[in-house]
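Asks: need a structure here:
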Amino acid sequence: RILLSYCFSVEFRDFFIADELNSLSYSIWTSSYFFCAYSWHWSDLDGNCNMSQMWVAPFLASLPPWWRLLQCFRRYKDSNETVHLLNAAKYTSSIVAAIVTGLRRMYPSTGMTLLWFFTSLISSCYTSTWDIKMDWGLLRPNTENFLLRDELVFYKWTYYVAVPINILLRFTWALTLIPLRIHSQLLAILIALLEAYRRIQWNFFRLENEHLNNCGQYRAIKEIPLPFVLSDADLKINSDDEERISILSKCGVTQPIDIMSNDHISISRRPSFNLNSMERNSVGHESIHRGSFYGRRDFENKQVDTTDIIGSVNTSKLATRGNSTLENVLTRIKSLRNSDNSDESEIDDDDDDDDDEDDDEEGGDDDDNDDVYFEGRSRHEEF
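Replies: I've put the predicted structure just below:
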């Protein structure tokens, strides 16, 4: 999925692993020593395997940011959010810095050194700012915690320590400009280890911000609030309805009732948001949730357009209140009771007629009349 980044919809696991590979660019291009050493059978490695002077070094070092660049383009294609283009510009600066670094090794000169310095400076400033503001979700104005955010998982002091450390480690390439009594290869390994530490620290705060965004945008819970709010009157009506239903259940009303027989049951709820504002947020503007600068950044291929769901509701029914569901239930119960009473009266009349005929034919035998009466009552009860 990473090698063919643009061919798949990007999920969190995809760009998270690709970001890890960006911190391993030194390990990726130095791995070419392994293949070169075996191809030359470990003979004259200094002359045959001087990889820092070959074009393969900057090419391999620019592969991880290239994969992330493709992922950013794919995410922009799926979501049409401009924030992914800004992220793509960040990885473009990383690719340019990696290529210029390789060219400086192959063609050393003062002009190439200046070009390398400015490209690396721009890339480090861009990436460190993105780390703090976007990936960690910090530096938010008007929050409870100064220059942080309202919700924090770790201790507050850890953020104030991690932020300057992350920024400083983004500029470790500047150590090569300082005349240190360290071999260049040993210094390169030290810089690579510092970058690995920075990435481990970055992982904690990046996952924390992702978790908070999932909860803030209702992607990590099973229940989502409905697009309306309940007033005190609605809550009182619901409590009264529950009491009336409990009374009916105590009276022995157990016959099944079709409560959906009335087709014009209206909805008396008032929307709690503006549909026009939702449309604006869905086409590249910042999310309505303050906790996420990315908006719908991690579930573009899984999102459902909220306006389509709301549009499916008949808005003409939102303005008027019709018969409630409980009133339809009570009306149905009354109609069933009336039909039962009418059937019972008809059966009683038939029983009386049968008794009169038996009196005329058999001479008014009281015992026979009692048998007929109870037999008719038993038939009615069976009915």
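
Asks: can we go C-alpha only for contacts and neighbour counts from here?
Replies: Noted.

Asks: Where does the prediction get shaky in this structure?
Replies: Applying pLDDT under 70 to the chain picks out residues 216-326, 329, 337, 339-383.

Asks: what's the neighbour count on D78?
Replies: Residue crowding around D78 was assessed by other Cα atoms under 10 Å; the count is 14.

Asks: Assign it to helix, strand or coil.
Replies: Using DSSP: H, G, I helix; E, B strand; the rest coil, the three-state assignment for D78 comes out as helix.

Asks: And it, how far from E11?
Replies: Look at D78 and E11: by Cα to Cα, to the nearest Å, they are 12 Å apart.

Asks: Could you pull up phi and psi at T143?
Replies: Main-chain torsions, T143, degrees, to the nearest 10: phi -110, psi 170.

Asks: I'd say it and L152 touch.
Replies: No - counting by Cα atoms under 8 Å, T143 does not reach L152; the two are 11.2 Å apart.

Asks: What strand or helix carries L148?
Replies: Under the criterion of DSSP states H and E, L148 resides outside all helices and strands.

Asks: Next: L139.
Replies: Following DSSP H and E, there is no helix or strand that holds L139.

Asks: which ones are touching it?
Replies: Contacts here follow Cα atoms under 8 Å, 6 or more residues apart in numbering; on that basis L139 touches I132, K133, L147, L148, R149.

Asks: hmm, try it at 10 Å
Replies: In this structure, L139 makes contact with T129, I132, K133, N145, F146, L147, L148, R149, judged by Cα atoms under 10 Å, 6 or more residues apart in numbering.

Asks: Test my guess that the fourth one contacts K156.
Replies: When you say that, I think you mean N145. Yes - under the criterion of Cα atoms under 10 Å, N145 makes contact with K156 at 8.1 Å.

Asks: Between the two, which has more neighbouring residues?
Replies: When N145 and K156 are compared for neighbours, N145 comes out ahead with 15 against 12, by other Cα under 10 Å.

Asks: did I read that right, the more buried one in a helix?
Replies: No - according to three-state DSSP, N145 belongs to no helix; its state is coil.

Asks: how near is W130 to K90?
Replies: Taking Cα to Cα as the measure, W130 and K90 are separated by 8 Å.

Asks: which residues do these two both contact?
Replies: Counting by Cα under 10 Å, 6+ apart, the residues touching both W130 and K90 are S124.

Asks: Compare the two (neighbour count), which wins?
Replies: In terms of neighbours (other Cα under 10 Å), K90 is the more surrounded of W130 and K90; the figures are 21 against 16.

Asks: Can you name the residues that contact that one?
Replies: Under the contact definition (Cα under 10 Å, 6+ apart), the residues listed for K90 are P65, R68, L69, H84, I122, S123, S124, C125, Y126, T127, W130.

Asks: same thing but at 7 Å, please
Replies: Under the criterion of Cα atoms under 7 Å, 6 or more residues apart in numbering, the contact partners of K90 comprise Y126, T127.

Asks: before we move on, what about the one 10 residues further on?
Replies: Residues counted as contacts of V100 (Cα under 7 Å, 6+ apart) are W116.

Asks: can you check the one 5 residues further on too?
Replies: Taking Cα under 7 Å, 6+ apart as the criterion, R105 is in contact with S52, Q53.

Asks: so which strand or helix has it?
Replies: With elements delineated by DSSP H and E, R105 resides in helix 83-106, which encompasses its position.

Asks: Please apply the same query to W42.
Replies: Secondary structure here is read from DSSP H and E; on that basis W42 sits in neither a helix nor a strand.
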